Structure formats: C-alpha cells, structure tokens
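Q: Would you be able to build a 3D model of this:
(3 chains)
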Amino acid sequence: MTHTIAEIADALGLSFQGDGGLHITSVAEPAQAQADQLALAMRPDFAEGLRDGQAQAAMMWDGADWQGYGLRAVITSQRPRFAMAGLSAMMDLGQGYVAGIHPSAVIDPSAVLGAEVSVGPLAVIGARAEIGAGSVIGPQAQIGTAARIGAGAVIHAGVRIGARVTIGARFIAQPGAVVGADGFSFVTPEPSGVEKARASLGAEGTDDAQSWARIHSLGGVTIGDDVELGANSCIDRGTVRDTRVGNGCKFDNLVQIGHNVVIGNDCLICAQVGVAGSTVIGNNVVLGGQSGVSDNLRIGDRAILGGASVVLSNVPEGRVMLGYPAVKMETHVESYKGLRRLPRLFRDVADLKKAVSKLAGND
Amino acid sequence: MTHTIAEIADALGLSFQGDGGLHITSVAEPAQAQADQLALAMRPDFAEGLRDGQAQAAMMWDGADWQGYGLRAVITSQRPRFAMAGLSAMMDLGQGYVAGIHPSAVIDPSAVLGAEVSVGPLAVIGARAEIGAGSVIGPQAQIGTAARIGAGAVIHAGVRIGARVTIGARFIAQPGAVVGADGFSFVTPEPSGVEKARASLGAEGTDDAQSWARIHSLGGVTIGDDVELGANSCIDRGTVRDTRVGNGCKFDNLVQIGHNVVIGNDCLICAQVGVAGSTVIGNNVVLGGQSGVSDNLRIGDRAILGGASVVLSNVPEGRVMLGYPAVKMETHVESYKGLRRLPRLFRDVADLKKAVSKLAGND
Amino acid sequence: MTHTIAEIADALGLSFQGDGGLHITSVAEPAQAQADQLALAMRPDFAEGLRDGQAQAAMMWDGADWQGYGLRAVITSQRPRFAMAGLSAMMDLGQGYVAGIHPSAVIDPSAVLGAEVSVGPLAVIGARAEIGAGSVIGPQAQIGTAARIGAGAVIHAGVRIGARVTIGARFIAQPGAVVGADGFSFVTPEPSGVEKARASLGAEGTDDAQSWARIHSLGGVTIGDDVELGANSCIDRGTVRDTRVGNGCKFDNLVQIGHNVVIGNDCLICAQVGVAGSTVIGNNVVLGGQSGVSDNLRIGDRAILGGASVVLSNVPEGRVMLGYPAVKMETHVESYKGLRRLPRLFRDVADLKKAVSKLAGND
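A: Sure thing, here's the model as predicted:
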C-alpha cells in the first residue's frame, strides 16, 4: 500500500509543497524514518530528528522551513496533531481479521447480521442478536442474547457483550472489554455497617454480621454512536433501567463504569478510572488516569479531573479538579504547597512560643 | 412471564393491598413505568415519580399512602431495599444461555459433570474437573485441570478457573474473571532494593541491578459458598498453601486479590480494589472502590475502608478508615480540615511574627 | 512425582544433612506439613511451626538447629527465599495443558510453529504468526496476524496478542492479558480543554464542546526475553513506533502500560499499576501496587515507587518515592507527620494569638 504525497494531502484536505509524486509506504518518527516513509515532524523539537533520519518528506506545521531540512516534499497543517487522525487512519494495517463468517463461529439461527458483517473464528453470537452492516466481530468474541450493535462496529478478540445491550454505530471495543456484566448491588436484611457509617460520618460501632443478598440487574446498557471501549474495561448493566453512555465517548483500558451510571457525549475516560453506581456525568468531561468518582454524584459538563483524583462530591461545570479528595485545582496546589512548607511552620511556631514566653517574663 | 400482585407478595413474604389479581410483566422506575409494570417507589422521593408514570401498582414502604398516588395495588415492605433482592431475582431474564452441553464445547472425558449442568458453546473443561449439579458454564469459559466447582454455579462467558482451584456452591463469576492465575512472587539472588528500602524506611542507595527469579505458585485457591466475582477480577493462587476466600464474599469488577491472601466470610470488595500478598482479612469487612491493602497485614472483622483509601498498617475490628495512608475516619476528617485551613494559619503565624517582633522592640 | 532430599539439594546446588534418601512428594508450610512433605522453614519464626506439623525434612537457613526440631533431614541455604525459586520450579504441577496441537484450534496455514509447540483447544493463531520452539499456547488464546513469539513461551488461557507484536524468549502471560490493543490517543480539531488546562495549570474556562478524532496506533509492541505479564494486564501498541519492554520485566495483574511507553530491563511492576503514554522507565525500577506514572515522564534506573504513589514529574535514579503526588520518601514522611500534628499546631497558634494580644494590652 503506497500513496503519493499529493494523494495523502488531498485525502486529508491539506496542502503540500515540493514533489507531490513522491511515493510513501508508511510513517515514522523523524530520526527513524527511511527514504520511503513520511516523517512526522509535527513540532520544531521533533523536526530536529530529520537530520538523523532518511526521510525525503515530512508532515510539518504551517510555515516550517522544510527545505532547510533537505526534504523533497512537505505536507503542512495548522494543527498537525489533528491531521494525524486522518493520516493514521489511512496508514493503519489493522488486525488482519479475515472477511466473511468463519465456519467455526457459533451463530444462533435467530441472530440477524447486516450486509458484509465479518465474524471471526470461534466467536459466539446469541439468539436474536442484531449486528449492523459492515461490522467486524473478532475471534472468540461473544455477543449475547438480543444484544443490538450498530453498523460499522469493530469488536476485537474476546470482547463480551451481554444480553439486551444496545450499542450505536461505529463502536470499537478492544480485546477483553465487557459490556453488560451484572451490577454490584447487594443488600443486608437490616441496615449494614456501611449504611450506618455513611449516616454517622464514620462513627464506630458497626457490629453487625449479616450476609449480603443479591439485587439482580434487570436493566441493560445503552451506548450511543462513535464510542470506543478499551481493553478489559467494564460497563455494568443497570438495576432497573439501563446504564447509559452518550455519543462520542472514549474509554481507555481497565475502566470500570458501575450500574445505573449516565454519561453524556464526547467524554474522555482514561485508563483505570472507576465511576461508581448511579453517578451522572455531563458532556465533554475528561477523567484522568486512575481517577475515581464516588456513587450518586453529578459531574458537570466540561469538568476535568486530574490523574488519580478522587471525587467525593458534586463537581460544577467546567471545573478542573485535583487531589484526594479532589478539590478545585488551585485549592489543591495551595494546600499542597502548605503541606511542603509545614516543617518550617512548626519551627516558626516553636520559635514564637519561646519569644512570647520570654516577653511574658516566664523564662 | 407475568405475575399477579398477590403472587409476587406471596413469593417475597410481603403483604399487599388493593387488587391482588393485577398482572405485572416487569419492574420500572416510577416515572418510566408503564401500566403493566410494578413501579419501584421505595422511598418518598422516588414515589413522586409515580405522578409522571403509568404504573397501577408499586412496591412501597410500610404505611405509604398508595391510594393518594392513584394506584390500584401496592406491595409494602419494612425495608423495600431488601425486598428488591427477591423481587429482582423473580424478574431477571438472565443471559439466555441455552441448557445442555453445546456440541462445540471441549470437555475432557475424565471431567465429572453433575446433573443438569449446562456447558455453553466453545467452553473448555479440563481433565478431572468436577462441576456440581445445576451449574451453568457460559460460552468460551475455561475450567482447568482438577478444578472443583460446587452446585448451582453460574460461570459467565470467558471466565478462567485455573487448575486445582476449589469453589463452593452457588458461585457466580462475571465475564473475564480469572481465578487461579500464578501469584506475583519474584526474588533476587541478593537482597533487592525493595527489601533494603523497606528495612531502612526509604533510604537511598538501592544500587543493585539484579534479575528476578520466579517463585512458582504451588498452592491453589479455595473459595467458599455463595461467592460472586466481578468482571475481569483476579484471585491469584497461593505460593505453598491456597489463597482462601470465605463464604458469602462479593467482589466487584477489576479487583485484584494477591497470593496467600485469606478473606473471611461476607466481605464486600468493591471495584478496582487491590489486596496484596499474604494479607488476612476478617469477616464482614467492606473495602470501598479503588481502595488498597498492602501485603502481610491484618484487617479486623467489620472494618470499613472508604473509597480509594490505602491501608499500610493493621486495622482493628470495626474501624472505619479513610485516606492515603488510611487512618481512622475522624482523624482523616480533622487532618483534612486542617489542610484546607493551612493558608490562613500561615497568614496568622506571619502576623504573629510581626507582632512579637514589634513587642520585642525589634522593628 | 517424588524426589529424594539428595536429589533436591543437588538440583538446587545446595547441601543437605541427615537422610538424603528420604522421599519428598511436595512442599508445605511447617505447621501443615505431612510426613512426605518438605517443610519450608525459611526463617526462625516459620520454623516454630515444625512442632505442630509432621515433616521429617525441611528447607532451612544455614546453621539452623534442624535436629532440635526432630527432623531426619534438612536442606540449607544462605538465602532460603532465593532457593524457593528453583525448588518451586521443581514442584510446580502446572496447568496440565495437553501437549500437541488440539484439533479444535484454528491455525492459519501461513503461521509458523517451531518444534514441539503445543496449542490448546479453541486457540486462534493468525496469518504469518511465528511461535518459537517449545512454546505452549493455552486454551482459547489468540495470537494475531504476523505476531512473533520466542521460544519457550507459556501463553495461558484467553490471552490476546495483537497483530505485529514481537516478543522474546520464555514469555509467560497469565489468563486474559492483552498485548497490542490500540493506544488511547484522541485529538480535537481545536485545542481541547485538557490542553488548555495543562497550559494554564488548571485555570477555568474550558468551554469547548468538541468531538474526539481517533489517532490510530500504527506502531506495535516489542517485548524482550524473560518477561511475565499478569492476568488481565494490558500493554498498548505505539502510535508511530513500538511500545517497548526490556528483558526480565515482571508485570502483575491488571496493569496498564500506555502507548509509546519504554521500559528498561528487570523492572517489577506490581498489580493495578498504570503508566501513561510515552513515559520512559529505566532499568531495575520497582513500581508498587496501584501506583501510577503520568505521561511523558522519565523514571531513572533503580527508582522505587511505594504502593499507590502517583508520580507527576521526573524521578532521578535510585530515588524511593511515596505519596500523591509522589515525593522523596523522607519528605513524604515528614509532611505526613506534620499533617497528623496539625490540630495541635492550630491550638498552639490560637494560644499564641491570645498571649500576644494580652502582651500588647489589647484584652
């Protein structure tokens, strides 16, 4: 698969300078680029690597002095980072899943597969499941009873989609992702220690020794269009109604979304994030890696949670939060600086005590 | 599947009022309920939704004014939250796994399956494995050599049970859960940097550059009755003896239980919790989401660990812990308040220094 | 499988005393040991258990008074903990995977399998994949297109190795591990709220509402020799070049390694650790359980990160770090002590204010 510089620029809606007929086989970082590769010199500091590599062409920022780096051609962009989206889509070799229905797949006769759906080896598709046109079901993936997946999905190896889950168009699920496991909902015959500790803000005396009864998850999961779910991530089904994820949300690996959670559109949920049951998250929210959100909270639109922050109360729109418990980022930075200066403060107060004692004639 | 109000109340051991012959098809939240659904109006604030929905019957708290909401029937409970356990079990449509042994499953001839065991498509059951009566082995699940699983288990899609693991009755494992992976135990020829840092409480000088030798996990995992394990959660095998989990423990998704850990009965382990090797946890302990427990510790009965707390030392019985490192909840709250008030304290001390300096005639 | 004491000592390069012909079937903790088991009495406190068990032989430290415990034979070691590596390898019963190619496995005709490779039931091996001699591919595992795995690998059940991933010799992957899922890389047409918040250190005003465009992962993953990857752990592919892991690295369960990360040799990465994109980690680094490292950082050789610590800036060689944000361990301990003493400090300052006010004649 080769492309000329002119073809690439045209496909991305960008302009090029120099030899538009130069053939490109793939992309590379500037210092490692071979003569037939397009070097990704998106920023001046990356561009320096061009001097160590063999690239004859590069993608660069508008106005870059490409000739000064000895290149024969350049594709330029006002925002080269964004241009990478289209460029990388063109160059992606993918997983190499074979088209068609593999004979080893186990597909219930009542399942409905759209046009040009591929099903990999040893995949399982349950009764009354519906798979939209052009979707790819990877090796050993499993689609549950009456689950519905929209057109153009890519369900990678070993993904599990539970019964009655509904997913929109162009869904991508990385290996091992699980949508529609049962929610984690248990109840004791009498109020439990946790219920008491929450009511009393941590008072001791949780002397009960009860067993947990299971509340079954009667709801499903509803996911919008253009959602991506990372490897081994989990979105649990709801208790009575569905857990819901809006359009355009992207989830990294090992994320946990609890039962009944509602997430808006275009959220970015980084790796190892946990969102506990029944929390409602707005649109365009970003949850940094390893961050957590407690149950039954509301996170406003465009809020940003820094890495490893843990939210224990509602977050207003547009707020940038950090820390455990998470607070407004400026507040966290101020507290943190104070903490670092504490040893000096202790010394100052000790000195003051001596001085005051002396002034008072006590020594 | 429909039930009358009288049948539901009878099955749950609760009383009803109004039209016991009313037919119910499923349950719903009050505001979304259709005419043939039982509205779950467990608390006064939920009940308000009844005015927006079409429900003719609801589950409510004892003494609720059901007629005032225009209902034709009500089922009441002193603790409606607990009643949800039985009610949700009645209404659960499940995953729709097909009964019987699917012909695509690979079952070693020496495996012993009890009466009415179902094995889903493409599941693997190893040599000398034993599966108790009435258990369901889901699609693409794997049961290892000589593993023993009690009666009434539900092993969902893609679960892995390792060799020689022993599990009691009524075990539920969500998709992708792994029981009996090898423990994480490595050793260097000479004491490692970690051993030195622990001995010296963090002194620098960890100048060794050794490779890690693997300590194989010779133990297995023993799990009691009525345990549930969440999606993609892991319980590792022990080094010499088994890792052990008592009866009635419930684990949420993405939980990590290290080698040699011992967990008592009826513990609730929330999502993304990690318990490091050889720690001993008592009965009725609750570990909040994303919390962690370091290795070789003891957590007393009925202790509660707040979300994202990290325990680095032993915890006595009944203690409610919070923070990183986790401390008694009141202590944490006090420290936290102090941290928030630190900027003011710095200003106070600066003012005091000026005042004392002035009093001492230094200015 | 039985061994004599003399055979075991010889295999481990250790010496024994007493009856070298005594037959051993397996190992046990001292208090639980039967007469045919070797008791692991590695330290004086463990050895006390010998009095409660039936062992006739033990592994002990150099100079231990084995006859005083009534034993008939002893194997001694200067570092018994290290001797466990070899001893446990001898005694490991393994998963019992059957040798040979199971007929239910789906292997592309263009895949190249070395001598004595075993492939378990329902495994999938893609086109042009290469598996080194003596490797074991477990049940339901999947090896992607053109992936290369060195000799002597043990790929457990349900592991997923993505297309074009390259792995060295003696790789061990626990169930559900995923190597080569797509990296988590998304970009907005205009600078996003996260880009702005990072630039301004958290200033509010992230008012954009853009959708995320996917940057495809064109790189793969390259892993060295003697690497072990835990259950349900994930190592993502790189964006342009490969994500890289050196020789001898050991990863526990549920670990997340982001795209473009570079890890040196002999690192120990404990359970639930997350390393964000493009971070570079040196040799012999230890990352404690649940710890995290932000993106684009450098962690020096032999650094140690305590459990649940979160690194937000570069870490020099040999540094022991703790806390969130992680700081030098001593600094953390000092801050932490200060935090615990804060309530007293507030009282001291209040007292000082009164005393100074009195001295100034203000009361």
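Q: any idea where the helices of the stretch 151-300 of chain A begin and end?
A: Taking DSSP state H, counting those that start in this stretch to define them, one finds helices in the stretch 151-300 of chain A at A:193-199.
Q: Only the buried residues of the least confident helix or strand in chain A by mean pLDDT, if you could.
A: Here the helix or strand of chain A ranked lowest by mean pLDDT, DSSP states H and E is helix A:193-199, holding a mean of 79. Buried residues in helix A:193-199, counted by 16 or more other C-beta atoms under 10 Å in any protein chain shown: A:G193, A:V194, A:K196, A:A197. Every residue, glycine included, has its C-beta placed from N, CA and C.
Q: and what of stretch A:95-110?
A: For stretch A:95-110, burial by neighbour count (16+ other C-beta under 10 Å) applies to A:Q95, A:G96, A:Y97, A:V98, A:I101, A:H102, A:S104, A:A105, A:V106, A:I107, A:D108.
Q: Then stretch A:319-331?
A: A:R319, A:V320, A:M321, A:L322, A:G323, A:Y324, A:P325, A:A326, A:V327, A:K328, A:M329, A:T331.
Q: Just the residues you listed: which are in helices?
A: If you go by DSSP state H, the buried residues of stretch A:319-331 have A:M329, A:T331 in helices.
Q: is it possible to export the buried residues of stretch A:319-331 to a markdown table including distance to chain B?
A: What follows is the buried residues of stretch A:319-331, written out as a markdown table (distance: C-beta to the nearest C-beta, whole Å):
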| residue | distance to chain B |
| --- | --- |
| A:R319 | 17 |
| A:V320 | 18 |
| A:M321 | 14 |
| A:L322 | 13 |
| A:G323 | 10 |
| A:Y324 | 6 |
| A:P325 | 7 |
| A:A326 | 10 |
| A:V327 | 8 |
| A:K328 | 11 |
| A:M329 | 15 |
| A:T331 | 8 |
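Q: what subset of the buried residues of stretch A:319-331 is also close to chain C?
A: Residues of these in contact with chain C (C-beta under 8 Å from any C-beta of the partner chain): A:R319, A:V320, A:L322, A:G323, A:Y324, A:K328, A:M329.
Q: Looking at those, spot the one nearest A:A213.
A: Nearest to A:A213 out of those is A:Y324 (C-beta to C-beta; 31.8 Å).
Q: What sits closest to the closest one if chain neighbours are left out?
A: Spatial nearest neighbour of A:Y324, chain neighbours left out: A:V310 (4.3 Å); criterion: C-beta to C-beta, 6 or more residues apart in numbering or on different chains.
Q: Quick check: beta-bridge partners of that neighbour?
A: The partner list for A:V310 in beta bridges (DSSP bridges) reads A:G292.
Q: go on, the one 10 residues further on?
A: When bridges are called by DSSP bridges, A:V320 pairs up with A:I304.
Q: Am I right that it is in contact with C:A197?
A: Yes. Between A:V320 and C:A197 a contact is recorded at 4.9 Å, counting by C-beta atoms under 8 Å.
Q: Point out the other elements, helices or strands, that the helix or strand hosting A:A350 touches.
A: Secondary structure from DSSP states H and E places A:A350 in helix A:329-359. Here helix A:329-359 touches strand A:320-322, helix B:329-340, helix B:342-359, helix C:329-359, going by 3 or more C-beta pairs under 8 Å, 6 or more residues apart in numbering or on different chains; DSSP states H and E.
Q: okay, and for chain A, where does confidence drop off?
A: Along chain A, segments meeting pLDDT under 70 span A:201-208, A:362-363.
Q: Tell me which residue is most central in it.
A: Geometric centre of chain A, nearest residue: A:F251, 2.5 Å, by C-alpha atoms, centre = their mean.
Q: A:T145: what's it in contact with?
A: By C-beta atoms under 8 Å, 6 or more residues apart in numbering or on different chains, the contact set of A:T145 is A:G126, A:A127, A:R128, A:A129, A:A163, A:R164, B:Q95, B:G96.
Q: May I have the phi/psi pair for it?
A: The phi and psi values for A:T145, taken as degrees, to the nearest 10, are phi -50, psi 130.
Q: leaving aside the residues next to it on the chain, what's closest to it?
A: Distances taken as C-beta to C-beta, 6+ apart place B:G96 nearest to A:T145, at 3.2 Å, with adjacent residues excluded.
Q: any idea how far the one you found lies from B:I125?
A: In this view, B:G96 and B:I125 are 21 Å apart by C-beta to C-beta, to the nearest Å.
Q: Understood, closing this out.
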